[in-house]
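A.B. asks: quick check, what structure comes out for this input:
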Amino acid sequence: MEDKKKRVAAVSAVMEYIRKEEDKLRAAPSPAEVSNSNNLWGISGRQAQMQLRNMMQLKAFHGVKVR
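C.D. replies: Numbering: from 1, shown residues only. Presented below is the predicted three-dimensional model:
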């Protein structure tokens, strides 16, 4: 009898946890609803970082001759 009560308590706890997680997912906005506005400053910053990395790579391999 005691073992059955423990099993029922464990199963109900897991089901409650799953229900709460599903409720959180339903409450969260879907990826399609999230605004994907173009942040020009962010784009410009990322582009500058990529250009700097590219220049550093070219400088690092400047003396290496490719066969």
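
A.B. asks: just give me how far stretch 38-47 sits from the chain centre.
C.D. replies: Its chain's average C-alpha position is 20 Å from that of stretch 38-47, according to C-alpha atoms, centre = their mean, to the nearest Å.

A.B. asks: and the helices in this protein?
C.D. replies: Counting by DSSP state H, the chain has helices at residues 2-27, 40-60.

A.B. asks: pipe those into JSON lines and attach mean pLDDT per row.
C.D. replies: Shown next, in JSON lines, are the helices of the chain (pLDDT from 0 to 100):
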{"stretch": "helix 2-27", "mean pLDDT": "93"}
{"stretch": "helix 40-60", "mean pLDDT": "87"}
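
A.B. asks: could you dump the ones you listed to JSON lines with mean neighbour count?
C.D. replies: In this view, the C-beta of every residue, glycine as well, is placed from N, C-alpha and C. Output for the helices of the chain, formatted as JSON lines (neighbours: other C-beta atoms under 10 Å):
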{"stretch": "helix 2-27", "mean neighbour count": "9"}
{"stretch": "helix 40-60", "mean neighbour count": "10"}
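
A.B. asks: contacts only, for residue 59.
C.D. replies: By C-beta atoms under 8 Å, 6 or more residues apart in numbering, residue 59 lies in contact with nothing.

A.B. asks: relative to residue 53, how far out is it?
C.D. replies: Applying C-beta to C-beta, to the nearest Å, the value for residue 59 to residue 53 is 11 Å.
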